[in-house]
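Trainee: Sequence first, then the predicted structure:
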Amino acid sequence: GAVVSQHPSWVICKSGTSVKIECRSLDFQATTMFWYRQFPKQSLMLMATSNEGSKATYEQGVEKDKFLINHASLTLSTLTVTSAHPEDSSFYICSAPTRIQSNQPQHFGDGTRLSIL
Amino acid sequence: DAKTTQPNSMESNEEEPVHLPCNHSTISGTDYIHWYRQLPSQGPEYVIHGLTSNVNNRMASLAIAEDRKSSTLILHRATLRDAAVYYCILTQTGANNLFFGTGTRLTVIP
């Protein structure tokens, strides 16, 4: 079964709307989670590292005020796309390692397909 | 980040072995080699990872060259459900973040 749950699976909304995506670890605690974005026919691009109880770390070129990340508990990280526009339409995916040690396998959510009209 | 190079696409007949190559000539001594795959419209799925020695699990085998500048993911008997994009990724010691390349799109022919 899925060890990382992502919700919602898809969202369609109007331009200017803010959209929140949830990523939950099931049956394990995740002090760190990762958020990715994937455009059609392209690879995944790491957006940010979500850290429980502290600020997220954003990759170069990713606007932290545009993509708000909150990791308030050991099992939940949220990504809010603020004032979304059509160019933000993409497939957003989260992941979490099931062990604290580095270089461990990641478990990925099934992704959220975001379409901004 | 150390880069990897993979063929864009490969084909295999069903129930035959598949060898997916990955070159990583700039790998450092402590980089791990990870393989993930992504089926259409889904998040990636962990396949296997290793450091220096060859690795086997229920999904696949990972053969790592002695100089570690290349590796090969081996699917022993390809099935239609193995059709996916396979990503070879290096992770630095102390890190869990993954930087995906373009991967290899595997097509399995019935």
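Mentor: Arrived safely, thanks for sending.
Trainee: Leaving out chain neighbours, which residue sits closest to A:Ala30?
Mentor: Using Cβ to Cβ, 6 or more residues apart in numbering or on different chains and skipping the chain neighbours, the partner closest in space to A:Ala30 is A:Ala96 (3.8 Å). C-betas here are computed from N, CA, C, even on glycine.
Trainee: And the residue of chain A found nearest chain B, how far from A:Ser25?
Mentor: Relative to chain B, the nearest point of chain A is A:Phe108 (3.4 Å; Cβ to the nearest Cβ). Remark: distance between A:Phe108 and A:Ser25 (Cβ to Cβ, to the nearest Å) = 11 Å.
Trainee: Need the overlap of contacts for the two.
Mentor: Taking Cβ atoms under 8 Å, 6 or more residues apart in numbering or on different chains as the criterion, A:Phe108 and A:Ser25 both touch A:Val4.
Trainee: near chain B, which residues of chain A show up?
Mentor: Taking Cβ under 8 Å from any Cβ of the partner chain as the criterion, the neighbours of chain B within chain A are A:4, A:6, A:32, A:34, A:36, A:43-46, A:49, A:93-95, A:97, A:102-111, A:113.
Trainee: Could you give the residue of chain B that lies closest to chain A?
Mentor: B:Gly43 (3.4 Å).
Trainee: still on that earlier bit, burial measure for the nearest residue to the residue of chain A closest to chain B once chain neighbours are set aside, as a count.
Mentor: The shortest distance from A:Phe108 to any non-neighbouring residue, by Cβ to Cβ, 6+ apart, is to B:Gly43 (3.4 Å). As a burial measure, B:Gly43 scores 25 neighbours (other Cβ atoms under 10 Å in any protein chain shown).
Trainee: B:Gly43 against A:Gly109, yeah?
Mentor: Yes - judged on Cβ atoms under 8 Å, B:Gly43 makes contact with A:Gly109 at a distance of 5.2 Å.
Trainee: Name the residues contacting each of those two.
Mentor: Shared contacts of B:Gly43 and A:Gly109, defined by Cβ under 8 Å, 6+ apart, comprise A:Val4, A:Gln6, A:Ile93, A:Cys94, A:Ser95.
Trainee: Was I right to think B:Thr104 contacts B:Glu11?
Mentor: No - taking contacts as Cβ under 8 Å, B:Thr104 lies outside contact range of B:Glu11: 10.6 Å.
Trainee: Number of residues surrounding A:Ser18?
Mentor: A:Ser18 has 11 neighbouring residues, counting by other Cβ under 10 Å.
Trainee: For the closest residue in space to it that isn't next to it in sequence, which residues are in contact?
Mentor: Leaving aside its sequence neighbours, A:Ser18 sits nearest to A:Thr82 (Cβ to Cβ, 6+ apart; 4.8 Å). Each residue near A:Thr82 by Cβ under 8 Å, 6+ apart is listed here: A:Ser18, A:Asp65, A:Lys66, A:Phe67, A:Leu68.
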